[in-house]
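Trainee: fold the following.
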Amino acid sequence: MKSFCIIFVLFLVGCSNTYVIKVEPENQRTFAPDKALEAGDEIEIYISHINHNERLRFHLCGPQCDTATTIKTIDSNGLSNKSVIFTAPEDGEYYFWLENTKLEGTESVVLMKKEYEMEKIYIVDFISGTKLHVAKEMPNKSLKQEDDLITPIAMSHTAIMGISAFYYCANNQWPESIDIIKDYEEQRKAMPHIKINWTQLKDISNYISEPSYQLTSNIKQLDGSFIKLTSGQQSPICDEDNAELQSAYVNM
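Mentor: Take a look at the predicted model:
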């Protein structure tokens, strides 16, 4: 089985909780939030697997971003199934890029081959097999983690879409139930970095596999109201051990 990497990037910012991810259009070498960060803003990155010869780099731009200062580098050693916090030390524009440590100069940059947008996340694929899921929107930092009832379910929806896509490629059909998705994930471990509360998800969700994949969850809030979260996708593109999501979305 080929190794793969999925990195979930969650922007935890001060006043504004919405970001757009921009990818360098000319050379597809870097990605960055479209807004300057403020000192203390944090970016949390969840990594399921990363190639042993790759390193994730975080930089602060100089004037016009013609120069840059390295803020943090994260080697792949021991990073699988872990999260990393990147903190902006000062106000400014920041960017990330993925480095192949076996190469030097511009050849060391791992290029992006495709990017596409879903309702709540951006997905960026690299030629090395690395895949990044970048969340557009996160709650304000003032929201207590235990009060955030939506994000864990939204992350579960995103992970389950990936699990179901792998299942589709292996069986030429969507899984027929949440239980089958759970059993398949326990065998394949496609998304071990995401803690899915399967019992809760099954209790609050409705899943259909025909005519296309769709999962809907009704999430009860602290004030007693409910928020509906729906995710869906069309048949993935299957390439050996890889599954490329098609027309995927998460709506709230």
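
Trainee: from residue 86, how far off is residue 223?
Mentor: 33 Å (Cβ to Cβ, to the nearest Å). In short, each C-beta sits where N, CA and C put it, glycine included.

Trainee: neighbour count winner among the two?
Mentor: Between residue 223 and residue 86, counted using other Cβ atoms under 10 Å, the more crowded position is residue 86 (18 against 5).

Trainee: the more buried one: which element?
Mentor: strand 82-87 (DSSP states H and E).

Trainee: not counting residues beside it along the chain, what's closest to residue 247?
Mentor: Nearest non-adjacent residue to residue 247, counting by Cβ to Cβ, 6 or more residues apart in numbering: residue 234, 4.3 Å away.

Trainee: output the contacting helices and strands for the helix or strand the one you found falls within.
Mentor: Secondary structure assigned from DSSP H and E places residue 234 in strand 226-239. For strand 226-239, the elements it packs on are helix 151-171, strand 213-220, strand 242-251, judged by 3 or more Cβ pairs under 8 Å, 6 or more residues apart in numbering; DSSP states H and E.

Trainee: looking at those, which is closest to residue 107?
Mentor: In terms of Cβ to Cβ, the element of the helices and strands packed on strand 226-239 nearest to residue 107 is strand 242-251, at 24.1 Å.

Trainee: who does the closest one pair up with?
Mentor: strand 226-239 (antiparallel) (DSSP bridges).

Trainee: pairing partners for the residue nearest to residue 247 in the sheet, please.
Mentor: Those that pair with residue 234 in a beta bridge, by DSSP bridges, are residue 246.

Trainee: from what I can see it touches residue 244, true?
Mentor: No. Residue 234 is not in contact with residue 244 according to Cβ atoms under 8 Å; the separation is 11.0 Å.
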